[in-house]
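With the sequence up front, the predicted model follows.
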Amino acid sequence: MEKQIGFICDDGRQFLVRSMVGELRDAGYDVLLYSSEANVSILSDSDLDVFIVYFDGFNVLNERTMRSFDKEIKEKNKNIHVYLIGSDDDLNQAYHFIDLAFVAHAFKRPVNMENVIRELRILAPAYTYEDSLLASKNGKDSLNGRKNILIVDDDDVYLRTIEGWFSDEYNVYTAVSGTNALALLKMVSFDLILLDYEMPMISGLDLFRVLRSEPETADIPLFFLTAKDDKQVCLEILEEKPDGYILKTTAPLLLKYNIRSFFEGKKLWWKTSEE
């Protein structure tokens, strides 16, 4: 069954919009178009939980749509995942009118739709979207018996590299931002989080504090990832009392060994907050 997504824009007849929608449909998505000009409730007659919002110059209609959309999401208390596409100025203005917790990812124009489709598929890397929700709801590790690991890093190259190292043993979910990670955490029960310490917008430290403050995520084991091997950074990390930290220069075999040892309750060959 095709996954349905909503596509909100000013004019669905624009060539770029029709091109983007075409690529999404070619990738297997059933795309429903919504116009910013239509003063209608987007969620009232819809079971959609994934939306793409495309800005071609932020305007009064976009502001009205974002305010209304944000209000609807909160009133219905649904797990909605919003992907924004626009210029830097478009995105910065949009952030004033929608809760960042609902924003799974933001793309700068011009956008490569392959990247958008890849991020959409992050919602279900190992099995169907509905199955991942069922696994989370039932409190299971996963439907295929593997542990679920969430890796959060704004460096896309490193993210894909480390994902490749672990994907043969674990269900690996990736997030390129704090908002993306928060969206995934609403759907999936994770056994471990690997979090980049230095990230833009929502830093790794800010996200860590949010996760520790929420009952649903406070007890998820978390290791910081850092590229800086100096005493001051290490002390700053350990003061926050994560479960540990990992240098990004750690060799793949040692990293995999330590992750396996962590799940088996064995001694780890890197620093932990108890050392």
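Cool, the structure landed.

which residues in the stretch 101-250 of the chain form strands?
With DSSP state E, counting those that start in this stretch, the ranges of strands along the stretch 101-250 of the chain come out as 103-108, 148-152, 171-175, 192-196, 222-226, 244-247.

Tell me the strands beside the fifth one, with direction?
With DSSP bridges as the criterion, the sheet partners recorded for strand 222-226 are strand 192-196 (parallel), strand 244-247 (parallel).

for the shortest one, which positions count as buried?
For strand 244-247, the neighbour count (16 or more other C-beta atoms under 10 Å) marks G244, Y245, I246 as buried. C-beta coordinates here come from the backbone N, C-alpha and C atoms, glycine included.

which one among these gets closest to D30?
I246 (40.1 Å; C-beta to C-beta).

Mean pLDDT and distance to G265 for the strands of the stretch 101-250 of the chain - can I get that in JSON lines?
Output for the strands of the stretch 101-250 of the chain, formatted as JSON lines (pLDDT from 0 to 100; distance: least, C-beta to C-beta, whole Å):
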{"stretch": "strand 103-108", "mean pLDDT": "82", "distance to G265": "34"}
{"stretch": "strand 148-152", "mean pLDDT": "91", "distance to G265": "17"}
{"stretch": "strand 171-175", "mean pLDDT": "85", "distance to G265": "20"}
{"stretch": "strand 192-196", "mean pLDDT": "91", "distance to G265": "13"}
{"stretch": "strand 222-226", "mean pLDDT": "85", "distance to G265": "15"}
{"stretch": "strand 244-247", "mean pLDDT": "80", "distance to G265": "14"}
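
Let's have those in JSON lines, adding distance to E72.
Compiled in JSON lines, the strands of the stretch 101-250 of the chain are given as follows (distance: least, C-beta to C-beta, whole Å):
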{"stretch": "strand 103-108", "distance to E72": "15"}
{"stretch": "strand 148-152", "distance to E72": "28"}
{"stretch": "strand 171-175", "distance to E72": "25"}
{"stretch": "strand 192-196", "distance to E72": "30"}
{"stretch": "strand 222-226", "distance to E72": "33"}
{"stretch": "strand 244-247", "distance to E72": "40"}
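
so where's this structure uncertain?
1-2, 37-46, 122-144, 228-238, 240, 266-275 (pLDDT under 70).
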